Structure formats: C-alpha cells, structure tokens
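**Student:** fold the following for me, if possible:
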Amino acid sequence: MSNDVEASLSAGDRRAGARNWAQILLRYRQPSGTRSVVELVITGVPFVLIWAAMWAALDFGFWPLCILLAVPAAGFLVRLFLIQHDCGHGSFFRHRLANDWVGRAIGVFTLTPYDIWRREHAIHHATAGNLDRRGMGDIRTLTVSEYLALPFLGRLRYRAYRNPFVMFALGPTFVFVLAQRLPIGSMTAGWRPWVSTMATNAAIILIVVGMMWLVGIGPFLIVHVPIMLLAATIGVWLFYVQHQFDDAVWARGASWDIHEAALHGSSYYDLPAVLRWFTANIGIHHIHHLCSRIPYYRLRQVLRDHPELGNVGRVTLWQSLRSVRLALWDEYRQRMVSFREMRAAIKGRREPA
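**Tutor:** Next up is the predicted model:
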C-alpha cells in the first residue's frame, strides 16, 4: 500500500487496519535463545577488539588509524544499546531475568541506567504521538499554536533546543554523560530509580578507573570519548528520525489511537544493509512500535512476509536529512513543519484574498 493510498484512508479505516496488523504481528514475537546469544557475541566481542586495536594504534603512534576505528567502534556500541533496548522490551530472551541482567550489564557501557530507562521507554511506547501526554522519553515537540503562545524567551529556548548543533552534538553528550547520572524525571518515584542509577554509576566508575589504571588516563580518554560521543549522536539521530518526519501522526484526546500512532506515527527508516545491521533494524520502527515484543532480528522477516508494510512511513537516508528542518506539529495541516513553513503559512493567512 503506498503512502498516497494510506493518506486517503479515513481515520476509522487506518485504526482498524493498524489493529489488524497488530494481531498479525503477534506470531513473530518468539525469540531464539541461540540467535540472541550469537547476536550478543558478534556485537560485544568486535567492540572490545576494536577498542583494543585503537589503543594499540595510539600506542604505536598511528593516530589516523585510531581515529578511523572510532567509527566502527561507535557502530558496535550503538548495536549494544539496541540489544539493551530489546532486553527492555522483554524481546531478546524468553526469560525476564536474562533480559534484565543482560540489559543492566550493557547499560554500564552505554551509560544508561537500565531499569529507569526501561520504565521511561515503556511510557514512550504507550504515549507516542499523543499531544496530551508528551514529555517522557521523547523529543520535545510543540504545536504551532503552542509555540506562538510562548513569550519571546520561550520561543528562543525552543529554537535553541531544536537547533541541529544542540540536538545532535551538545544534546547527546548532555543526556548520556550528565543527565543519566541522576534519575531525571523520576526523582520522587521511590527508591528503584535511584538504585538503578547509582548502581550503574558505581559500575561505570569501577570500569573507568580500572581501564585508566590499565592503559593510562590520557589513552583511555582519547580512545573512548570519541566512541561514546559519536555513538550518542547516532542514537539521538535514530530516535529523532523515527518520530520526526513529514507524515508523522499526532493527535489529542479520543482522536489518538495507540495502534494508529504506532504504525503511522513511527517511520520506516529504510537504510542501506550495512547501516541496517549496525542499527539492529531499529529503522523498522513502525513495526517495532506496533509489536515491541518482536526481536530485532525478526523484523526483516516481517517485511519479507508482508511487503506492503514497507511502504508505510518510509523514509530513505536522503529524505531523513531533510527532516532536520522539522520542528513543529501543525494541527491545521496535520503534519510536521519547519519554522520557515510556519511563518509562510501565517503570512499567507494574513494576506487578503
């Protein structure tokens, strides 16, 4: 089904279709223990080996090789985060304890407290595209009317937040290195968020101190900081593209439907095969949101069995670059718009017919 046909369907038809797809996808939920272990090994081991190779290259004075190897190392770290992501959904292993402890262990390397992240990400899945329930585990998105109602400083802050340099350079560093060291957003939610965060922090400190003792403070920072920053930027970029695209779906009140928002409010980021592998098929995000218990290594099978889903919310690598300009949800036109498009629309409405 093409995007044009999808757009022509009534809201009721879209909801019914999305709910039907949710039932169809249930058959793909079962993970394979063997496959999951293999995926963990072919992700974790290369990451460690490349890290060691970067250290060796640095030690022998091969700076260009050290810098170059930071790119695949960041790719494997992103893939580790996405294994942690599947663990959080209970889709990587059959048993919850296996998912939780593997997720917690990986969280030390991704600087992400697993238990608090799992809770916030579950809220994201339950509220994605709901204009009445924004603010938890998502990218801040205002409607045009909300933006226009802000005072000057409020608009300035939002524009700064939406600036690409802030969003994809400063923002990822702040989130992963600083914000996640405290249970931001869950300060009063009891002891569990604090235990998750502080236990992760303690494990991070032990590993960092141990590695600095082993290889030296300078070499550790030179090797690991670029990997971490690049991986954080990639992670935020992926999350951005998955929900900030032209044909995204946002709604209020009874107009919002969880299945419709999952299928039509999440993109299908159609990446080249190599990038698809490193990002663990997270680009097939519309299917993931519709049935989050599907292991990432079975998402491609869903598209092979149901190719019509490949035309829903499809965004290519080139098209995704243009999504950087999107910043506001236009409730009148029912689409994401840029600040420039907003100004042009306002000017057009003011001009006499």
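
**Student:** strands of the stretch 51-200 of the chain, residue ranges please.
**Tutor:** For the stretch 51-200 of the chain, applying DSSP state E, counting those that start in this stretch gives strands covering 142-143.

**Student:** and residue 100, what does it touch?
**Tutor:** Counting by C-beta atoms under 8 Å, 6 or more residues apart in numbering, residue 100 makes contact with 87, 114-115. Glycine gets a C-beta too; all of them are placed from N, C-alpha and C.

**Student:** now do it against residue 238, distance only.
**Tutor:** For residue 100, the distance to residue 238 (C-beta to C-beta, to the nearest Å) stands at 23 Å.

**Student:** how about residue 267?
**Tutor:** Separation of residue 267 from residue 238 (C-beta to C-beta): 10 Å.

**Student:** ok, these two, which is more surrounded?
**Tutor:** residue 267 (26 against 21; other C-beta atoms under 10 Å).

**Student:** OK, contacts around that one?
**Tutor:** Neighbouring residues of residue 267 by C-beta under 8 Å, 6+ apart: 241-243, 245, 248, 283, 285-286, 313-315.

**Student:** output stretch 14-33 as CSV, nothing but the C-alphas.
**Tutor:** C-alpha atoms of stretch 14-33 as CSV (Å, rounded to 0.1, in the frame of the first residue of the first chain):
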residue,chain,number,x,y,z
ARG,A,14,-6.5,3.5,9.5
ARG,A,15,-7.2,2.5,13.1
ALA,A,16,-8.9,-0.8,12.0
GLY,A,17,-6.0,-1.6,9.7
ALA,A,18,-3.4,-0.9,12.4
ARG,A,19,-5.2,-3.1,14.9
ASN,A,20,-5.4,-5.9,12.4
TRP,A,21,-1.7,-5.6,11.7
ALA,A,22,-1.0,-5.7,15.5
GLN,A,23,-2.8,-9.1,15.6
ILE,A,24,-0.9,-10.4,12.6
LEU,A,25,2.4,-9.5,14.1
LEU,A,26,1.9,-11.5,17.3
ARG,A,27,3.2,-14.6,15.6
TYR,A,28,6.7,-13.1,15.3
ARG,A,29,7.3,-12.4,19.0
GLN,A,30,9.1,-15.6,20.0
PRO,A,31,12.9,-15.0,20.4
SER,A,32,15.6,-17.6,19.7
GLY,A,33,17.9,-18.1,22.7
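
**Student:** buried ones in it?
**Tutor:** The neighbour-count check on stretch 14-33 (16 or more other C-beta atoms under 10 Å) flags 14-15, 17-19, 21-22, 25, 28, 31 as buried.

**Student:** swap in stretch 163-183?
**Tutor:** Quick answer for stretch 163-183 (16+ other C-beta under 10 Å): 167-168, 171-173, 175-176, 180, 182-183.

**Student:** for stretch 269-281, same thing?
**Tutor:** Using 16+ other C-beta under 10 Å as the test for burial, stretch 269-281 gives 269-271, 276, 278-281.

**Student:** next: stretch 228-245.
**Tutor:** Buried residues in stretch 228-245 (16+ other C-beta under 10 Å): 228-245.
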